[in-house]
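Undergrad: Okay, predicted coordinates and the sequence, questions at the end:
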Amino acid sequence: MATPRMTYLEKIGFGSGDMAINVVISSMFLIISYFYTDIFGLKPSHMGILFLVARLVDAVTDPLMGMITDRINTPKGRYRPYFLIFAVPFGISVLLLFTTPDWDYNAKLVWAYATYLLVTLLFTAVTIPYISLIGALTDNPKDKLSANGYRLFFAKIAAFLVTIIVPELAASFGADHLRLGYQVAMGLMGALAALLLLFCYATTRERVHHRIDKKPFKQQLAILRKNDQWLLLCGVCFTGTMGYVMRSSVAAYYAKYYLGASPSMLSAFLSTGVIAAILAMIASTWITKFYCKIKLFRWTQVLTGVLSALMFVLVNPGDIALAFIFYFLISFVVDLHAPVFWSAIAESVDYGEAKTGQRVSGLAFGGISFFQKAGMGVSGFLVGMLLGFFDYQPNIDQSSFTLTGIALMLCILPGVFHTLMGLLMFPYRITDAYYQNMVAGKADQADNDWPADSISKPSS
């Protein structure tokens with residue numbers, strides 16, 4: 001029996017949770033590398049190793065958190081209570097992450113490790129329940145897609161706030177007080193994140209109650225390995241995150257050094273990408289009403305690779321206008337797939353249950369989160385190592401060799417990862433028609449909805 005449809009308030013509340021989470025994600029994507037090298041004072045190679053170590057921690061904590069959500073249910077729900085418990089600690093950790101103590105280099109490096117790992121742990125504590133929540137809010141595919149549209153729209157609003165408020169507020173403190181400026185700005189973002197998590201808790205309700213098989217980790221992992229569509233999404237998540245993080249991490253360096261942008265222009269460049277992504281969320285919701293959502297996913301990522309190569313070839317140092325145009329186009333096209341991806345994860349969990357007769361939810365979502373964070377860690381490590389390889393030195397004029405390296409990291413390398421992401425989606429089979437037949441128990445018909453030429457078949 002179908003559950004009641006989600007209300008607009010509930011979709012807004014659901015979206016507010018991702019807005020809170022993306023205060024951290026956006027800072028990690030857009031400004032953390034720049035902050036660590038140019039403000040905090042870390043060496044690029046040390047920063048890269050820090051990012052990699054944090055992802056090794058995630059290799060343990062993400063699956064563990066997923067199993068905890070599988071095993072513990074409360075009268076308030078399986079996932080929502082974590083927002084109430086960890087909202088305030090999460091916000092405080094953001095403030096600490098962007099606090100720069102006036103210590104010697106080794107002590108500051110220890111502080112960077114401690115605060116980054118604290119954020120990583122608290123991020124896991126709220127993110128795993130959050131990405132699992134949509135499957136408990138509704139079993140309607142259209143509601144899932146719509147709610148994820150709200151979610152991603154609010155996530156981009158968070159990114160917009162980070163790109164506008166943080167650099168501008170930090171600059172307002174003056175060049176001699178940038179450390180304090182970043183601390184105050186991100187402290188405000190952390191407080192906002194805590195309030196948004198509490199709002200998400202208050203406005204959502206878990207109305208879909210799945211039977212969870214509380215099996216040992218190895219058995220759950222064995223079941224997940226049989227879920228071919230979930231495995232595809234893991235690869236898609238890893239490669240896509242590699243592209244996102246590398247482009248976003250280098251954007252500030254590209255604007256400041258390759259384009260010669262002022263602090264205000266740097267903020268405008270970062271914001272251009274976020275505005276394009278917000279518009280993409282709206283456009284994606286409209287396009288998928290009449291165009292195959294899976295086909296949209298595939299070809300937008302391939303097109304991102306083409307646009308990235310063109311930007312590298314056509315934009316020269318100082319070409320501010322052309323760089324803004326290409327960065328807007330790339331940011332718009334690449335995010336047209338986003339609502340599709342996050343609704344696909346929940347559907348792949350249902351697919352695994354239909355295929356194996358056993359439901360593994362928490363570990364499935366924890367696994368996706370792990371691959372996302374693995375992509376963040378590996379990409380962050382590569383950015384740090386490549387900045388060192390291309391002889392990057394903070395706050396001075398860069399050589400042509402360094403500028404070429406920065407352009408490669410903004411354009412070519414992310415373009416390759418997104419193209420690979422699109423190609424990985426060609427074997428993906430869970431269209432809307434397939435999913436609806438699967439939920440209805442029409443397994444044979446669901447299989448028939450995946451003919452050899454289904455690449456061109458609409459999903460609705």
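TA: Thanks, I have the structure now. Residues are numbered from 1 along each chain as shown.
Undergrad: Output the below-cut-off pLDDT ranges for the stretch 51-200 of the chain.
TA: In the predicted model, the stretch 51-200 of the chain carries pLDDT under 70 at residues 174-175.
Undergrad: Low-confidence regions, the stretch 301-450 of the chain specifically.
TA: 442-450.
Undergrad: which residues of it fall in strands?
TA: For the stretch 301-450 of the chain, no strands are identified by DSSP state E, counting those that start in this stretch.
Undergrad: in it, which spans are helices?
TA: Applying DSSP state H, counting those that start in this stretch to the stretch 301-450 of the chain gives helices spanning 320-334, 338-356, 362-389, 400-410, 412-424, 432-439, 443-448.
Undergrad: With only the CA atoms kept, save the fourth one in PDB.
TA: Provided in PDB are the C-alpha atoms of helix 400-410 (Å, rounded to 0.1, in the frame of the first residue of the first chain):
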ATOM      1  CA  SER A 400      53.900  29.800 -16.400                       C
ATOM      2  CA  PHE A 401      54.600  26.100 -15.500                       C
ATOM      3  CA  THR A 402      52.600  26.500 -12.300                       C
ATOM      4  CA  LEU A 403      49.800  28.300 -14.100                       C
ATOM      5  CA  THR A 404      49.600  25.500 -16.700                       C
ATOM      6  CA  GLY A 405      49.400  23.000 -13.800                       C
ATOM      7  CA  ILE A 406      46.600  24.900 -12.200                       C
ATOM      8  CA  ALA A 407      44.600  25.000 -15.500                       C
ATOM      9  CA  LEU A 408      45.200  21.300 -16.000                       C
ATOM     10  CA  MET A 409      43.700  20.600 -12.500                       C
ATOM     11  CA  LEU A 410      40.700  22.800 -13.100                       C
END
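Undergrad: Now tell me what touches that helix from outside.
TA: 246-247, 249-251, 253-254, 257-258, 311-312, 315, 317, 383, 386-387, 389-392, 398 (CB atoms under 8 Å, 6 or more residues apart in numbering). For glycine as for every other residue, the C-beta is placed from the backbone atoms N, C-alpha and C.
Undergrad: Could you give me the buried positions within it?
TA: T402, L403, G405, I406, A407, L408, M409, L410 (16 or more other CB atoms under 10 Å).
Undergrad: can you put those residues in TSV and add distance to N73?
TA: Formatted as TSV, the buried residues of helix 400-410 follow (distance: CB to CB, whole Å):
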residue	distance to N73
T402	54
L403	54
G405	50
I406	49
A407	51
L408	49
M409	45
L410	45
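Undergrad: so who does K215 touch?
TA: I223, Q358, V360.
Undergrad: any chance of these in JSON lines, plus neighbour count and distance to I430?
TA: Formatted as JSON lines, the contacts of K215 follow (neighbours: other CB atoms under 10 Å; distance: CB to CB, whole Å):
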{"residue": "I223", "neighbour count": "22", "distance to I430": "17"}
{"residue": "Q358", "neighbour count": "17", "distance to I430": "18"}
{"residue": "V360", "neighbour count": "28", "distance to I430": "16"}
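Undergrad: So which of those residues is the closest to R78?
TA: Distances from R78 to the contacts of K215, taken as CB to CB, are shortest for V360 (14.0 Å).
Undergrad: was I right about the closest one contacting G352?
TA: Yes: using CB atoms under 8 Å, V360 is in contact with G352, at 6.5 Å.
Undergrad: Name the residues contacting each of the two.
TA: I223, L224, N227.
Undergrad: just curious, which of those is nearest to S33?
TA: L224 (32.2 Å).
Undergrad: And what about the closest one, helix, strand or coil?
TA: helix (DSSP: H, G, I helix; E, B strand; the rest coil).
Undergrad: which residues touch it?
TA: W230, L231, G352, V360, L363, A364, G367.
Undergrad: Write a ChimeraX command that selects only the buried members of these.
TA: Burial among these is assessed by 16+ other CB under 10 Å; the matching ChimeraX selection reads:
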select :230,352,360,363,364,367
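Undergrad: Is it possible to get a markdown table of the contacts of L224 that adds distance to M28?
TA: Putting the contacts of L224 into a markdown table (distance: CB to CB, whole Å) gives the following:
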| residue | distance to M28 |
| --- | --- |
| W230 | 25 |
| L231 | 26 |
| G352 | 29 |
| V360 | 28 |
| L363 | 24 |
| A364 | 23 |
| G367 | 20 |
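Undergrad: Nearest to W103 among the contacts of L224?
TA: G367 (37.9 Å).
Undergrad: which residues touch the closest one?
TA: Counted by CB under 8 Å, 6+ apart, G367 has contacts D62, P63, G66, L224, W230, C234.
Undergrad: let's see it at 10 Å
TA: Residues near G367 by CB atoms under 10 Å, 6 or more residues apart in numbering: 62-63, 66, 128, 220-221, 224, 227, 230-231, 233-234, 237, 345, 360.
Undergrad: Tell me the one of these nearest D335?
TA: C237 (14.6 Å).
Undergrad: ok, that closest one touching A338?
TA: No: contact status for C237 versus A338: not in contact, 11.6 Å apart, counting by CB atoms under 10 Å.
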